[in-house]
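>>> show me how the following folds:
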Amino acid sequence: MKAWVYNEERELDAVQFADYLDPATTAVVSIDMHRGHLDDSPDCPCPAPRARDVVAPIDGFHDSARALGVRIVHIRSVLRPGGVDDVHGIPSAWRRTFPLHVGPIPNADAHAIEGSKWTEWVTRVAPGDMRVDSKRRLSAFYPTDLDFLLRNQRIETVVLNGGFTDCCVLNTAFDANNRNYRVIVLRDLVRGTDAHLEGAALAMVSLHLGLVMDSHELLGRWRGELRSSVNPTR
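Predicted coordinates:
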């Protein structure tokens, strides 16, 4: 099997990582693919333009995963109306620090407000998919019920896509690892602040948290696992 280790593609022993590759105990966790990041308008409150080009590939990957019986969980940031749990409470740190790099962010206070257009999905959510709509900080696990949902589904491996690679994806990968989930991050289906930070985040995942793979490689492994379970003599 092929995976990326410190941003170099390597051939790994699939037997060594067989427990990472069981589609029956895996869920895809797709992070923050909503209009608040992806809308192509000047009032987008937290723009992540590099992630727009993975919307269609993520939809395609999810279609393939569903066809194999792999469960999909969509995560989105949603804040209470009025910003009481962020801008009018204790503001998220990124609101102060990220503009030091990118400059002022017009309309940032509108980011993720419940009921606004900024929480609308951009990637496709199918009727059988699961959703977690209470992400209020950087990790998909905090302060949401994602851990409860995954454990109730007997999930052992999480496959992460979405954005930002160096922010919410990385935080979620750390939290998943600390909760003893096996972690796979899809290198071709995540996007970071820029190429440098994206590469750094993926390198950290590969050294400390789990596997960094391309989506086509993982789909191939899942298909192989399902064929083997149907015909174990092959």
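
>>> give me the neighbour count for the spatially closest residue to Phe98 that is not a sequence neighbour.
Spatially, and ignoring its direct neighbours in sequence, Phe98 is nearest to Ile105 (7.3 Å; C-beta to C-beta, 6 or more residues apart in numbering). All C-beta spots, glycine's among them, are computed from the backbone N, C-alpha and C. Neighbourhood size, Ile105 [other C-beta atoms under 10 Å]: 16.

>>> Ile105 should be in a helix, yeah?
No. Counting by DSSP: H, G, I helix; E, B strand; the rest coil, Ile105 is not found in a helix; it is coil.

>>> can you give me the end-to-end distance of stretch 170-185?
Its first and final residues considered, stretch 170-185 spans 9 Å by C-alpha to C-alpha, to the nearest Å.

>>> isn't the residue nearest to Phe98 right up against Pro45?
Yes. Applying C-beta atoms under 8 Å, one finds Ile105 in contact with Pro45, separated by 6.9 Å.

>>> can you name the next helix or strand after the lengthiest strand in the chain?
The longest strand of the chain (DSSP state E) is strand 182-191. As assigned by DSSP states H and E, the chain's next helix or strand after strand 182-191 is helix 195-204.

>>> show me where the protein has its strands.
2-5, 8-11, 26-31, 71-77, 130-135, 157-163, 182-191, 211-213.

>>> relative to the whole chain's centre, how far out is the longest one?
When you say that, I think you mean strand 182-191. 7 Å (C-alpha atoms, centre = their mean, to the nearest Å).

>>> list the buried residues for the worst-scoring helix or strand of the chain on mean pLDDT?
The weakest-scoring helix or strand in the chain, judged by mean pLDDT, DSSP states H and E, is helix 215-230 (a mean of 91). Across helix 215-230, burial judged by 16 or more other C-beta atoms under 10 Å covers Ser215, Glu217, Leu218, Leu219, Arg221, Trp222, Glu225, Leu226.

>>> how about stretch 43-58?
Buried, per 16+ other C-beta under 10 Å, within stretch 43-58: Cys44, Pro45, Cys46, Pro47, Ala48, Arg50, Ala51, Arg52, Val54, Ile58.

>>> of all those, which comes closest to Glu114?
Of all the buried residues of stretch 43-58, Pro45 has the smallest distance to Glu114: 13.5 Å, by C-beta to C-beta.

>>> for that closest one, which non-adjacent residue is closest in space?
His111 (3.7 Å).

>>> relative to Ser229, how far out is Val73?
23 Å (C-beta to C-beta, to the nearest Å).

>>> so how far is Lys2 from the closest residue to Arg124 other than its chain neighbours?
Nearest residue to Arg124, sequence neighbours excluded (C-beta to C-beta, 6+ apart): Asp59, at 4.9 Å. Asp59 sits 23 Å away from Lys2, taking C-beta to C-beta as the criterion.
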